[in-house]
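*Asks:* Sequence and predicted model, in that order:
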Amino acid sequence: MNDDLGAARVYRAIYAVLLRRLPAEAAHRAGFWLIRVAAAVPGLAWALRRVLGPRDPALRVRALGLDFPGPLGLAAGFDKDGAGVTGLAALGFGFVEVGTVTAQAQPGNPKPRMFRFPQERALVNRMGFNNHGAAALTDRLRALRAGPGYRPIVGVNIGKTKAVGEDGAVADYVASARLVADVADYVVVNVSSPNTPGLRDLQSVGKLRPLLAAVREALDQASPRRRVPLLVKIAPDLTDPDIDAVADLALDLGLDGIIATNTTISREGLRDSAAVTAVGSGGMSGAPLRPRALAVLGRLHARTGDRLVLIAAGGIETADDARDRLAAGATLLQAYTAFIYEGPCWPRRIHDGLAKSS
Ligand SMILES: Cc1cc2nc3c(=O)[nH]c(=O)nc-3n(C[C@H](O)[C@H](O)[C@H](O)COP(=O)(O)O)c2cc1C
């Protein structure tokens, strides 16, 4: 049995015996706690990264003015407050996107708010941007930058504080952008989570243009010496004309890239309709999202060519999935749900699979 298969089996056994029995959010907290504890053991993060990190030079990606050791990163939402970046990078992710953070700290939606559909390797969540606020994240990332050792590439994903109405949305995003400008390798404007009322309406070009322009200006003012790359993250539920409109807007405003996609409000692909009804509202992620996320990526690439950095997210589970996204125009990849189901050796498996075909 090779090491990798063995590790995957061990994780599946732990998942079957322990994690599956915990509510989804409790399992996430336990797993994330373990990752942080491991990273705090002197030398262990370094050793893990040596074993699990992307090593093949063929995997390196130069994008957004940054050198990524491998194309697969951890998608936003796992580490909302930037509390475990070192440990997550040690598991082999080529970069980590933290957030979504909002200008004001907020508790998110009442629990339960995260649900598994293991048969379909999907999740439904309505976390609602539970986070400690952009200022706390900034302090944490600043300490990370000042500290010794390896510093992974960290993107910061910003969203709107729930208590702030549509009128204050631009100012709210701008407040977060100003705070994080100095500590973010890139910034993502998230207008696509389904769990903050009205947020996805900001994807209409009339609202998105002033928002993105204001965030761009805030980043330039707050970080005059280094131009902070700016991306927007979109929903898979946009119509095709709306996708084209966002792509055109991104080009027009000189954005650096687009992340496609966030979770979907669709439940297509989930078979247990009683469970779907019982769970209620939220965004679905994982395998059932794959076809739509791939289609959105293809459409963006057809529209923008290589003028934008496209980051693919949504249902990436295998090296073949990763390859399909790169072939469809993605420069970088992100995942969340497959990491939950497949465990800590999964990023390495994807990078190894990609390296074999490169
Ligand atoms: C529990 C959970 C929380 C998430 N939170 C965020 C978030 O705060 N901000 C964001 O932009 N995306 C968030 N996402 C979406 C992921 O970043 C990703 O775009 C989506 O899950 C599709 O990728 P996947 O199929 O690999 O999970 C979240 C996803 C999950 C499952």
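*Replies:* Received it, and whenever you're ready, just let me know what you need. Numbering: from 1, shown residues only.
*Asks:* For the rest of this, base every contact and every neighbour count on C-alpha atoms.
*Replies:* Will do.
*Asks:* Name the nearest residue to Val85, ignoring sequence neighbours.
*Replies:* Excluding the flanking residues, the one nearest Val85 by C-alpha to C-alpha, 6 or more residues apart in numbering is Val96, at 6.7 Å.
*Asks:* For my notes, confirm that neighbour occurs in a helix.
*Replies:* No - assessed by DSSP: H, G, I helix; E, B strand; the rest coil, Val96 does not belong to a helix; its assignment is strand.
*Asks:* Just to check, it is in contact with Ala75?
*Replies:* Yes - applying C-alpha atoms under 8 Å, one finds Val96 in contact with Ala75, separated by 6.9 Å.
*Asks:* separation between the residue nearest to Val85 and the ligand?
*Replies:* Going from Val96 to the ligand by C-alpha to the nearest ligand atom, to the nearest Å gives 11 Å.
*Asks:* ok, now Val232?
*Replies:* 9 Å.
*Asks:* Check Ala214 too.
*Replies:* Taking C-alpha to the nearest ligand atom, one finds Ala214 at 19 Å from the ligand.
*Asks:* what's the helix or strand for the closest residue to Thr304 other than its chain neighbours?
*Replies:* Leaving out its chain neighbours, the residue that sits closest to Thr304 by C-alpha to C-alpha, 6+ apart is Ala247, at 6.7 Å. Following DSSP states H and E, one finds Ala247 within helix 240-252.
*Asks:* Could you name the helices and strands sitting against that helix?
*Replies:* Counting contacts by 3 or more C-alpha pairs under 8 Å, 6 or more residues apart in numbering; DSSP states H and E, helix 240-252 packs against helix 205-222, strand 257-260, helix 290-304.
*Asks:* how about that helix: buried residues?
*Replies:* By neighbour count on 16 or more other C-alpha atoms under 10 Å, the buried set for helix 240-252 is 243-251.
*Asks:* now stretch 161-172
*Replies:* Under 16+ other C-alpha under 10 Å, the buried positions of stretch 161-172 are 161-162, 166, 169-172.
*Asks:* roughly how far out does stretch 158-169 sit from the chain middle?
*Replies:* Offset of stretch 158-169 from its chain centre (C-alpha atoms, centre = their mean, to the nearest Å): 20 Å.
*Asks:* so the one helix or strand Leu326 maps to versus helix 290-304, what angle?
*Replies:* Under the criterion of DSSP H and E, Leu326 resides in helix 319-327. Taking axes from the mean of the first three to the mean of the last three C-alpha atoms, to 10 degrees, one finds helix 319-327 and helix 290-304 inclined to each other by 20 degrees.
*Asks:* Help me see whether the helix or strand just after helix 319-327 makes contact with the ligand, please.
*Replies:* Note on helix 319-327: by DSSP H and E, the next helix or strand toward the C-terminus is strand 332-335. Yes - using C-alpha under 6 Å from any ligand atom, strand 332-335 reaches the ligand at Ala335.
*Asks:* So which of the helices and strands packed on helix 240-252 is nearest Trp346?
*Replies:* For the helices and strands packed on helix 240-252, proximity to Trp346 was assessed by C-alpha to C-alpha; helix 290-304 is nearest, at 17.5 Å.
*Asks:* before we move on, the earlier item: list the contacts for the residue nearest to Val85?
*Replies:* 73-76, 85, 88-89, 152-155 (C-alpha atoms under 8 Å, 6 or more residues apart in numbering).
*Asks:* please redo it, this time with the cut-off set to 7 Å
*Replies:* Counting by C-alpha atoms under 7 Å, 6 or more residues apart in numbering, Val96 makes contact with 73-75, 85, 89, 153-155.
*Asks:* Read off the pLDDT value for it.
*Replies:* Listed pLDDT for Val96 reads 98.
*Asks:* now swap in Pro291 and tell me
*Replies:* 98.
*Asks:* For the nearest residue to Arg292 once chain neighbours are set aside, give its distance to Glu217.
*Replies:* In this structure, Arg292 finds its nearest non-sequential neighbour in Pro236, 6.4 Å apart by C-alpha to C-alpha, 6+ apart. Taking C-alpha to C-alpha, to the nearest Å as the measure, Pro236 and Glu217 are separated by 27 Å.
*Asks:* between those two, which one's more packed in?
*Replies:* Pro236 (25 against 14; other C-alpha atoms under 10 Å).
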